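[1] kindly return the folded structure for what I paste below:
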Amino acid sequence: MSELNTIALSHDFLSRYAKESAVCIDATAGRGYDTEFLCSKVGETGKVYAFDIQKEAIESTEKRLSEKGYKNAEVILASHSDMDKYVKEKVDCIVFNLGWLPKGDHNIHTEAESSIEAIEKGLSLLKNGGGMNIAIYYGRETGFEEKDRVLKHLKTIDSLKYTVIVSEFTNRTNCYPISVFIMKD
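    Below is the predicted model of the structure:
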C-alpha cells in the first residue's frame, strides 16, 4: 500500500501553516497524534489547543505529550464546538478528525450538528492565509449522516474568503476517509 494516505496528506498540508511560534487547534484530540505533530512544528514559542469530549482521549493525549516532553499544548475536555470559548486569538491552522476515538467506543462519535458548528467557529478563528484540514472518518453504524451533512455544508462556505478542496481515494474500499483542505484567502 502506498505511503500516501489520509494522515500523510493532513500532515503535509498542516506543515504549511504549523510553523515556529504558530497557534494551532486540534479540534478532536483523540489519541493525541495530531496534537503531538502540531506541537513538534510550533516549537516552544508556539501553542496548540486540543479538544475532546472523552476523558479517555484527554488522558491519552496528555500522556503522549508528557512522554515526548511537549509543554506547548493546552488539552481541554470540551466539545470542538466550544473552541471559541477557550481560544481568543487568531490561529494559523486547525485539524479535525471526524468520527470516533481510535480503539474506543464507536457509540461515542462526532455528530453533524456540532461538527458543522465547530467548523464555522474554526473558520472565524483562522488568520488570513491560515488552513484547516478535516478528515472525515465514517462507516459501520456511524458517520454516514455526518459525512453527508458536512460535505453539503462545505459547498456553502464563502468562495470569496475560502478555498475548499475535497479529496477522496476513489479506488480504496471500506469507507476510506475523505480529506478536506480549506484555505482562508
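[2] going along the chain, name the helices of this structure.
    6-15, 33-42, 55-68, 83-86, 112-125, 144-154 (DSSP state H).
[3] and the residue nearest to the spatial centre of the chain, how far from residue 69?
    By CA atoms, centre = their mean, the chain has its centre lying nearest to residue 96, at 1.7 Å. According to CB to CB, to the nearest Å, residue 96 and residue 69 sit 26 Å apart. Where C-beta positions appear, they are placed from N, C-alpha and C, glycine not excepted.
[4] ditto for residue 176
    34 Å.
[5] between these two, who's got more neighbours?
    Shown here are residue 176 and residue 69; by other CB atoms under 10 Å, residue 176 has more neighbours (16 against 7).
[6] so who does the nearest residue to the more buried one once chain neighbours are set aside touch?
    Of all residues not flanking residue 176 in the chain, residue 169 sits nearest, at 4.8 Å (CB to CB, 6 or more residues apart in numbering). Contact analysis of residue 169 by CB atoms under 8 Å, 6 or more residues apart in numbering lists 5, 6, 176.
[7] pLDDT score assigned to the first one?
    So that's residue 5. Listed pLDDT for residue 5 reads 85.
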